[in-house]
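Asks: would you be able to build a 3D model of this:
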Amino acid sequence: MSTLVSPEKDKLDGYLDAIEHLPPTPTLMIKLIELFRQPERDVDEIVGLMRQDPSLTAEVLRGCNSSFFGHEAPITDIREAVFRLGFYEIYRISVAVFGMQSMSTAKVAHSFEVAVLWLHSAMTAIAGGVIARELGESEGIVFTAGLLHDVGKIVLASAEGTRYAELLQQHGLLGTATNDAEKAMFGFDHGEVGARLLSRWGVPPQVSVPVLCHHHLSWSGPFERLAAIVSLANLMARCIEGTAPEKPCEVPEAGHALELLGLKHEDMLAVEHLVRSDIKRLGSLLVAS
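Replies: Numbers count the residues shown, from 1 in each chain. So this is what the prediction gives:
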């Protein structure tokens, strides 16, 4: 089985081609991902690229001046933001803006809880970035995959309307049985749909394969560790959302991901503390505008 595309590639392409309102291709985000993957980054190229989109620039500067960064003097220019905060922070805010836009512009039923899905996606991205940092993997790549891991749900909600709304009403937007129900009803689940859309956008497999495999780690091949981190981050985010701060998360279904990463359940306690801290500080990324 190919690790780069879903086993239902042709069927998925036909399905996506028939959808009238797909999230638009985030060309600028894809270019930023490519820049992030380069070991030597040209600040002039980064600044010039971001200045092509005034609305992105405005949102990034708003994020830069949030209470999380705590600057006395406001940042008024993208170049200044890159130098003062670093490319990773600018990248993280930018990708969050793109993710928010993709979800907020989707044509979905009013009953579809876009804000809830966005909150979960942002928390998964933050959790994934923390886990990646602790394990020496790429924070930016995992953050991106975590943010987009459920984009297939937006596609299904756009395409299927009330059918998908009824499925979610029965199994829950974030329920563990949702992907199995999707597979039974449509022939593929949200991970497959989302990963195929990302591949068509030109997103690199380091991002699209973890999106494809966050419920199917056996498909992940050379991107096994990245997929395992996104899978673990997804489970951790879901647990944190439903667990009081003073009560540690218990995620028994994370066993396979932990094994692939060489971690034990006890290791999750220290990671969970870091994740909760980052989620608390990055509140501005968790609020859909």
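
Asks: so what's the spatially most central residue of the chain closest to, chain neighbours aside?
Replies: Geometric centre of the chain, nearest residue: Leu147, 1.3 Å, by CA atoms, centre = their mean. The spatially closest residue to Leu147, leaving aside those adjacent along the chain, is Ala125, at 3.9 Å (CB to CB, 6 or more residues apart in numbering). (Each C-beta comes from the backbone N, C-alpha and C, glycine too.)

Asks: now the helix or strand harbouring the residue nearest to the centre of the chain: average pLDDT?
Replies: For Leu147, the enclosing helix or strand under DSSP states H and E is helix 139-148. Helix 139-148 carries an average pLDDT of 93.

Asks: what residues sit buried inside the longest helix along the chain?
Replies: Using DSSP state H to assign secondary structure, the helix with the most residues in the chain is helix 114-135. By neighbour count on 16 or more other CB atoms under 10 Å, the buried set for helix 114-135 is 114, 117-134.

Asks: against which helices or strands is it packed?
Replies: Packing contacts for helix 114-135, counted by 3 or more CB pairs under 8 Å, 6 or more residues apart in numbering; DSSP states H and E, involve helix 87-104, helix 139-148, helix 151-160, helix 224-241, helix 267-281.

Asks: and if we set it to 7 Å?
Replies: helix 87-104, helix 139-148, helix 224-241, helix 267-281 (3 or more CB pairs under 7 Å, 6 or more residues apart in numbering; DSSP states H and E).

Asks: can I get the second one in CSV? Just the C-alpha atoms.
Replies: Think helix 139-148. Extracted as CSV, the C-alpha positions of helix 139-148 are listed here (Å, rounded to 0.1, in the frame of the first residue of the first chain):
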residue,chain,number,x,y,z
GLU,A,139,7.7,21.4,15.2
GLY,A,140,6.5,23.3,12.2
ILE,A,141,5.6,20.3,10.1
VAL,A,142,3.8,18.6,12.9
PHE,A,143,2.0,21.8,13.9
THR,A,144,0.7,22.1,10.3
ALA,A,145,-0.4,18.5,10.1
GLY,A,146,-2.1,18.8,13.5
LEU,A,147,-3.9,22.0,12.4
LEU,A,148,-5.2,20.3,9.2
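
Asks: cheers, nothing more for now.
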